[in-house]
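>>> Predicted coordinates and the sequence they were generated for:
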There are 2 protein chains.
Amino acid sequence: MQNSKRALHAPTYKRLRDTLIGELADGQYPVGSRFPTEQALCARFGLSRHTVREAIRGLTGQGLLSRQAGSGTRVLAKKQPTVFTYRLESLSNLWQYAAQTRFVPEQEGAVTLHDDLAKKMGRTAGERWMRITGVRCGMDNSKPLCWSALFLAEPYMDVRGNVNVEDSSYYETICEVYGLTVSEVERSMSAVSTPANVARQLGIAPGAPSILERRTYRETSGEAFEITLSIYPGDEFMHTTRLVRENDASLAGND
Amino acid sequence: MQNSKRALHAPTYKRLRDTLIGELADGQYPVGSRFPTEQALCARFGLSRHTVREAIRGLTGQGLLSRQAGSGTRVLAKKQPTVFTYRLESLSNLWQYAAQTRFVPEQEGAVTLHDDLAKKMGRTAGERWMRITGVRCGMDNSKPLCWSALFLAEPYMDVRGNVNVEDSSYYETICEVYGLTVSEVERSMSAVSTPANVARQLGIAPGAPSILERRTYRETSGEAFEITLSIYPGDEFMHTTRLVRENDASLAGND
DNA sequence: TTGATGAAATTGTCCGGACATAAAGTGATC
DNA sequence: GATCACTTTATGTCCGGACAATTTCATCAA
């Protein structure tokens, strides 16, 4: 009997949460201002602190509120923004050809960046990096897929001895050997005319349009430890990213 | 006295959570198997149900466990995968130049896709789309930033009357008028030689390398309702995306 | 054997209380 | 006026209990 009423309603903490979301959206609590304390909400709605906290927990999870012991609760946003995300389960997926490629090194040696190269790499001239150039091929040993120049920061130059260049990638080895964690990868693309020597290795016409892709791998401190410049034949390859609307389900896991 | 021991340790529920994460990583609870019940964990660790639930809450949030009332708790994964994400707060940020650009239309009219155009758009030949071409300029009225061809799917062709092309974007208007929601944006890039007519409008040399960017806006059903093809001068523009390691903080908001 | 019924197990919700921890405010003292 | 100690306030952690909702399983009847 009395539970039939319950069954028709959402749980108390959810209804409270929705109420508060509505009040936030209405602008009753301006962004940056203080949100009512737990005690105030308990008194206002006649609920236990436990239930109030359960409702607020959802709001902090959605990025609407921020809490600090001793200080109180502040309003971060009026409503949850719609967010589009591009997700990678692992960095190796950055290669659309994934595990089906093989890096074939050609030259390696330390270089001091001159103006032009520094600009391409997004660094400043005069820095010293270890450079390894080569091409990346498919497993079927046909025409190379792209030309790459791989740069390792000075402290990690001697890692090249540990890398099985064909099977593994440098950033993975560097992370293992030096205990680093990749915290960020920046990927930039622009169009260029294929340089003659690269065109020859890729088997395309010199000067044909191609994509110059730069990847910068940064560790936790924000310092770049590996940079790769790659040239892809423009007419054969498409770089695709899919941005997907973030479903609220991913945040509402505690419901 | 007794709290000095507390102060040195993390809270009980966190230590329990770490313990369970370790046991999961060790493979003590195989993926797909049943996880110990709350009562079992309470008895084993001598803790209250509240604390045990607080620990488990973190594990479900990380996607390690899934729970079902009446049924129990099952193991979803041994450990949390490292995920890299590229986040957009709003789609207008897809324009790196954001609000500082203006679309200047040139031609518009319905077209039936021929083979070549269909391939560029990732569609099949014979479909009918509304095409609007033009250039996008900075607010300072200088040289155009890019050339664009914008395609609207047949059902939404007549929206063009409602759009203030200079201020707003088509996909926004279409979504408003027809009640659609953008659920996904696919972005592909390749390098091409700038066609003569585009080069003229952009003020660059014909045949110079440029980036051809295609964006496909899809609504919830997965159907594409707007496609844009844009050509950017290759040497002037860089398209950059930053992939950031998903910090556990975003999930551990309940800590 | 099948089907329905009810008990048991398990998670979900909600309440009460207590103390710890952190931040901010208050005031006395130098 | 600046600094230290104390008080106040608010959130964080932890315990206890109770009942609801859901699923599973055993039992019993047809």
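Now that the structure is in, tell me what you want to look at. Numbering: from 1, shown residues only, chains lettered A, B, ... in the order given.
>>> I'd like the secondary structure assignment at the nearest residue to A:Ala205 once chain neighbours are set aside, please.
The spatially closest residue to A:Ala205, leaving aside those adjacent along the chain, is A:Ala199, at 6.3 Å (Cβ to Cβ, 6 or more residues apart in numbering or on different chains). For the C-beta atoms, the positions are set from N, CA and C on the backbone; glycine is no exception. For A:Ala199, the reduced secondary structure class is helix; criterion used: DSSP: H, G, I helix; E, B strand; the rest coil.
>>> what's around A:Ala199, how many residues?
19 (other Cβ atoms under 10 Å in any protein chain shown).
>>> distance of it from A:Trp147?
A:Ala199 sits 9 Å away from A:Trp147, taking Cβ to Cβ, to the nearest Å as the criterion.
>>> swap in A:Gly222?
29 Å.
>>> Comparing those two, which residue is more hemmed in?
Set side by side, A:Gly222 and A:Trp147 give different neighbour counts by other Cβ under 10 Å, the larger being at A:Trp147 (24 against 8).
>>> Any part of the helix or strand that contains the more buried one near chain B?
Assignment of secondary structure by DSSP states H and E places A:Trp147 within strand A:146-153. No: in this structure, strand A:146-153 remains apart from chain B according to Cβ under 8 Å from any Cβ of the partner chain; the gap is never smaller than 11.9 Å.
>>> For the stretch 1-150 of chain A, give me the ranges with low pLDDT.
Low-confidence segments of the stretch 1-150 of chain A (pLDDT under 70): A:1-8, A:92-100, A:141.
>>> For it, just list every one of the helices.
A:2-8, A:12-26, A:38-45, A:49-61, A:115-121 (DSSP state H, counting those that start in this stretch).
>>> right, so these: which one is the most enclosed?
helix A:49-61 (a mean of 19; mean count of other Cβ atoms under 10 Å in any protein chain shown).
>>> Close to chain B: what parts of the stretch 101-250 of chain A are there?
Within the stretch 101-250 of chain A, the positions adjacent to chain B are A:181-193, A:208-211, A:232-235, A:237-245 by Cβ under 8 Å from any Cβ.
>>> Take the helices of the stretch 1-150 of chain A and write them to JSON lines, including distance to B:Ile174.
Below are those laid out as JSON lines (distance: least, Cβ to Cβ, whole Å):
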{"stretch": "helix A:2-8", "distance to B:Ile174": "38"}
{"stretch": "helix A:12-26", "distance to B:Ile174": "25"}
{"stretch": "helix A:38-45", "distance to B:Ile174": "41"}
{"stretch": "helix A:49-61", "distance to B:Ile174": "32"}
{"stretch": "helix A:115-121", "distance to B:Ile174": "39"}
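>>> can I get those in CSV with distance to DNA strand D?
What follows is the helices of the stretch 1-150 of chain A, written out as CSV (distance: least, Cβ to the nearest atom of the strand, whole Å):
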stretch, distance to DNA strand D
helix A:2-8, 4
helix A:12-26, 11
helix A:38-45, 4
helix A:49-61, 7
helix A:115-121, 43
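>>> between those helices, which gets nearest to A:Gly72?
In terms of Cβ to Cβ, the element of these nearest to A:Gly72 is helix A:38-45, at 9.6 Å.
>>> the strands in chain A, which residues?
In chain order, chain A shows strands spanning A:34-35, A:65-68, A:72-75, A:84-88, A:101-112, A:128-138, A:146-153, A:182-193, A:209-219, A:224-233, A:239-245, with DSSP state E as the criterion.
>>> Please tabulate these in a markdown table, including the columns distance to DNA strand D.
Written out in a markdown table, the entries for these read as follows (distance: least, Cβ to the nearest atom of the strand, whole Å):
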| stretch | distance to DNA strand D |
| --- | --- |
| strand A:34-35 | 7 |
| strand A:65-68 | 4 |
| strand A:72-75 | 4 |
| strand A:84-88 | 26 |
| strand A:101-112 | 44 |
| strand A:128-138 | 44 |
| strand A:146-153 | 38 |
| strand A:182-193 | 25 |
| strand A:209-219 | 29 |
| strand A:224-233 | 34 |
| strand A:239-245 | 28 |
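>>> As TSV, those with distance to B:Ile204 would be great.
Shown next, in TSV, are these (distance: least, Cβ to Cβ, whole Å):
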stretch	distance to B:Ile204
strand A:34-35	54
strand A:65-68	48
strand A:72-75	48
strand A:84-88	30
strand A:101-112	31
strand A:128-138	29
strand A:146-153	25
strand A:182-193	11
strand A:209-219	13
strand A:224-233	20
strand A:239-245	22
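>>> among the helices of the stretch 1-150 of chain A, which is nearest A:Phe151?
helix A:115-121 (6.6 Å).
>>> Contacts for the closest one, please.
A:111, A:113, A:124-127, A:129, A:151, A:212, A:214, A:227, A:229 (Cβ atoms under 8 Å, 6 or more residues apart in numbering or on different chains).
>>> Weed out the non-buried ones from the residues of the stretch 101-250 of chain A next to chain B.
A:182-193, A:208-211, A:232-234, A:237-239, A:243, A:245 (16 or more other Cβ atoms under 10 Å in any protein chain shown).
>>> returning to what we had before: closest to B:Gly58 out of the strands of chain A?
Evaluated over the strands of chain A, closeness to B:Gly58 peaks at strand A:65-68, with 16.8 Å, by Cβ to Cβ.
>>> close to chain B, is the closest one?
No: in terms of Cβ under 8 Å from any Cβ, no part of strand A:65-68 sits within range of chain B; the closest distance is 9.4 Å.
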